[in-house]
Structures are given as C-alpha cells and as structure tokens.
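my questions are about this predicted structure, shown below with the sequence.
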Amino acid sequence: MPHAGNALSVRIADQMTDLIARKRFLPGDKLPNEPALAEELQVSRTTLREALRILTTRGLVEVRRGVGTFVTESKSIHADYDVLKIQNTNVSSKDLYEMRLMFEPQAAYYACLRASDEELETIFRYGELDEQMIRRRDPLWDECEQKFHNSIASAAHNQFITALLPIFNRAIHQGIILANESPEVSEMTLHDHRLLMEYLRERNPEGAKTAMYLHIINTMRAFHIPLD
C-alpha cells in the first residue's frame, strides 16, 4: 500500500499547483516562509518540504539557497494550466498509465530523431544516476526517475508532450511508491531502462519506441493494471 505520508505530500503539491493556477502565487513570487506556509496548508513542515520538492521536479518552483522558494517565471510552464488541473482530479492508475502508453513510446521515437548530442548525454546521465538510486532505494529515486523520463520526452521537441509531463510524473510517482515494496519491479525497471538507453544511443527510433512501450506494459503488469 502507498505510504500515507507520500500520498499527503502529493495532495499538498497538487493543492499548491492549483493555487498557482488560480494566481494565488504569481510567477516570480516568493512563497511564504516554511512555518507560515505549513500553517496555512495545515500540514507538518516535513510534508511541506516533500510537496515543495515535488513542485521543484514539476518545474513550478525553484529554491534559491539562502533567499527562499520562488514560483518560476517560465512562460512556457505557466501558459496553460488546464492540463495541470488534471492533477486535482481523481484519476485512476489505469488512466494514468494508459496516458503514458499513448504518448511516451512515440516521444522516445522522436527523441531518437531530434535530440541533440547534449540532450542524449543528459538522458544517459539521468539514466545512470537513476540506476544508482534504484539499487540504493534512495529517496531521490522518485525525482531521478521523473527527470530520466522527462528528459526523453523533452528531447522529442513537441510542446504538447512537454505540457503532459506533470501527468506522466504523477504516474511515475505512484509507481515508485509501489516499486519500493517490490524488488522484482526494481530489477525489471533496470533492465528496461538499459534497453531503452541502448536504442537511444544507437539512434534507433523504432527500437526506442518499442523499448518504451514494453517498459510501460511491464510496469502495468507488475502493478496488476488491466491492459484491456
């Protein structure tokens, strides 16, 4: 079962996403200090820190050491919050993973064709770091897994795919919670990621597409998510 603390931090991150969407916090705004924000949201400071980490991964806030946490000013991130509002709906794991299955294999295909050498190096760097996180069951596994998949999707250079990243990340986050309780899933993920990176390194678009498709299918099967 998902850990209650993890689930709460995701809900708080979703709540803050909605506050940003409703312009409670504007791009460039400094968020209230930790005690004040925790009191406003009625959560512990530990849960708030985890929620802010999730928002950082989503690209919605940035931490400036010694200064505070600020809402990002990127127009591309704040241009359309209709997609992000899906974060606050009661979406099933089946729906989330089907969404990934519809888009991520094709994103891997285009990443092979369109990624710069630098972007491929970024993908491989996150992939290698992700493997270390998986083996250590490091708490940063969640963040690194998201960055690995996000870097592939971003390398497809399609704005619609980029807009869907928060939805992909929500599915990945749920998957990491479950995978932490299953060594078999961890080993499967390592194998699938290596195969995917091999095809990306070869710039084999059909291979990368198939590898991503199989990775998501394998994950759905491992989590007993219906495929029909």
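It's in. Residues are numbered from 1 along each chain as shown.

got the domain boundaries for this structure?
As assigned by automatic domain parsing, the chain contains the domains 4-78, 91-222.

and these as CSV, adding mean pLDDT, mean neighbour count and distance to D228?
In this view, the C-beta of every residue, glycine as well, is placed from N, C-alpha and C. Formatted as CSV, the domains of the chain follow (pLDDT from 0 to 100; neighbours: other CB atoms under 10 Å; distance: least, CB to CB, whole Å):
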stretch, mean pLDDT, mean neighbour count, distance to D228
domain 4-78, 83, 16, 27
domain 91-222, 89, 18, 10
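
pretty sure F223 contacts S93?
Yes - if you go by CB atoms under 8 Å, F223 and S93 touch, sitting 6.8 Å apart.

the chain: helices as residue ranges?
Listed in chain order, the helices of the chain (DSSP state H) span 4-21, 34-41, 45-58, 75-78, 93-114, 117-136, 141-155, 159-163, 165-179, 183-202, 205-222.

touching the second one from outside, list them.
When you say that, I think you mean helix 34-41. With contact meaning CB atoms under 8 Å, 6 or more residues apart in numbering, helix 34-41 is reached by 12, 15-16, 31-32, 44-45, 47-49.

do you know how far A13 is from D142?
12 Å (CB to CB, to the nearest Å).

cool, S93 as well?
In this view, S93 and D142 are 16 Å apart by CB to CB.

same question, G59
Between G59 and D142 the computed distance is 15 Å (CB to CB).

equivalent analysis for L195, please.
Using CB to CB, one gets 22 Å for the distance from L195 to D142.

check contacts around T69.
Per CB under 8 Å, 6+ apart, neighbours of T69: 30-31, 52, 61-63.

recalculate using a threshold of 7 Å.
31, 52, 61, 63 (CB atoms under 7 Å, 6 or more residues apart in numbering).

okay, those in JSON lines with distance to H215 next?
Formatted as JSON lines, these follow (distance: CB to CB, whole Å):
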{"residue": "L31", "distance to H215": "35"}
{"residue": "L52", "distance to H215": "29"}
{"residue": "V61", "distance to H215": "29"}
{"residue": "V63", "distance to H215": "31"}
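
between which two of these is the distance greatest?
L31 and V63 (9.8 Å; CB to CB).

in this structure L190 contacts I134, no?
Yes - counting by CB atoms under 7 Å, I134 is a contact partner of L190 at 6.0 Å.

skipping adjacent residues, who's closest to the residue nearest the centre of the chain in space?
In the chain, the centroid-proximal residue (CA atoms, centre = their mean) is N169; its distance is 2.6 Å. Nearest non-adjacent residue to N169, counting by CB to CB, 6 or more residues apart in numbering: Q146, 4.8 Å away.

I'd say the one you found and R170 touch.
No - in this structure, Q146 is not within contact of R170 by CB under 7 Å, at 9.6 Å.
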